[in-house]
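In: A predicted structure for the sequence below; I have some questions about it.
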Amino acid sequence: MKNHVNFKKVMHTLSFASTLLTIILFALNNFINSGILLALAVTSMTSAYHFDIRLIIGYIIPLFKGKINVDSRYFKVSETEKNIYKKLNVKKWKSRVPTYNPDEFDIKKNSIQQLIINCCNSEIVHTANIFVSYIPILFSIWFNSLFVFIITSVLASIYDLQFVILQRYNRPRLIKSAYKKEENL
């Protein structure tokens, strides 16, 4: 898959910018005490959280990549699931999904077994991201904006769900390809 945009650079830039903007807006709000500034600061803080936590998880989970059991029940894709992916037309949109590290999914740079491990690792990262997407709802206690936090959390989790779906769609094809390769040896 060819990305026209360096997604890794975009993620780091958005993470830095939203974190810096959060600090600036909260500092300004301390001097001016404006409802608009506070709303912008909270919005920026929520965005920063969603970018920052994804980068943190994306750095931590791969440290355990060697411990992934690709044959575990967790990574098995059922026929029902495959049918859902067919109805979602994953085949049509999968090439448009951005990739943080395209080299990890490059068939020319990785063995099929390594691609399978990378798919599993990516699925774990994005599944973890889905769960941590809902932590900001706890912030609504202090900012009294439950609706805003629920919306951002749901949208962030849906964003990561596309990556989980993509990995679960691709992995059975890679496994099938690996078996065919073994049979031909």
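Out: Yep, that arrived.
In: could you point out which element follows the lowest-mean-pLDDT helix or strand in the chain?
Out: One helix or strand of the chain scores below all others by mean pLDDT, DSSP states H and E: helix 140-143, with a mean of 86. Next helix or strand after helix 140-143 toward the C-terminus (DSSP states H and E): helix 146-183.
In: quick one: the helices in this structure?
Out: Along the chain, the segments classed as helices by DSSP state H run 7-32, 35-60, 79-87, 90-93, 112-132, 140-143, 146-183.
In: thinking again about what came up before, now the least confident helix or strand of the chain: buried residues?
Out: Judged by neighbour count using 16 or more other C-beta atoms under 10 Å, the buried positions of helix 140-143 are 140, 143. All C-beta atoms are positioned from the backbone trio N, CA, C, and that covers glycine.
In: measure how far that helix is from the centre of its chain, please.
Out: Averaged C-alpha coordinates place helix 140-143 at 25 Å from its chain's average position (C-alpha atoms, centre = their mean, to the nearest Å).
In: just stretch 64-77 next, same as before
Out: Worked out by C-alpha atoms, centre = their mean, stretch 64-77 lies 18 Å from the chain centre.
In: buried stuff in that stretch?
Out: Using 16+ other C-beta under 10 Å as the test for burial, stretch 64-77 gives 68, 70, 75, 77.
In: which of those residues sits closest to residue 100?
Out: Residue 100 has its nearest neighbour among the buried residues of stretch 64-77 in residue 68, at 17.5 Å by C-beta to C-beta.
In: re the thing from before, same list (the buried residues of stretch 64-77) but as JSON lines, adding distance to residue 182.
Out: Compiled in JSON lines, the buried residues of stretch 64-77 are given as follows (distance: C-beta to C-beta, whole Å):
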{"residue": "68", "distance to residue 182": "20"}
{"residue": "70", "distance to residue 182": "15"}
{"residue": "75", "distance to residue 182": "19"}
{"residue": "77", "distance to residue 182": "20"}
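In: to residue 100, which of the helices of the chain lies closest?
Out: Closest of the helices of the chain to residue 100 is helix 7-32, at 5.3 Å (criterion: C-beta to C-beta).
In: so what secondary structure elements neighbour the closest one?
Out: With contacts defined as 3 or more C-beta pairs under 8 Å, 6 or more residues apart in numbering; DSSP states H and E, helix 7-32 has these neighbours: helix 35-60.
In: so how far is the helix it packs on from its chain's centroid?
Out: That offset, for helix 35-60, works out to 15 Å (C-alpha atoms, centre = their mean).
In: who are the packing partners of it?
Out: Helix 35-60 sits against helix 7-32, helix 112-132, helix 146-183, with contacts defined as 3+ C-beta pairs under 8 Å, 6+ apart.
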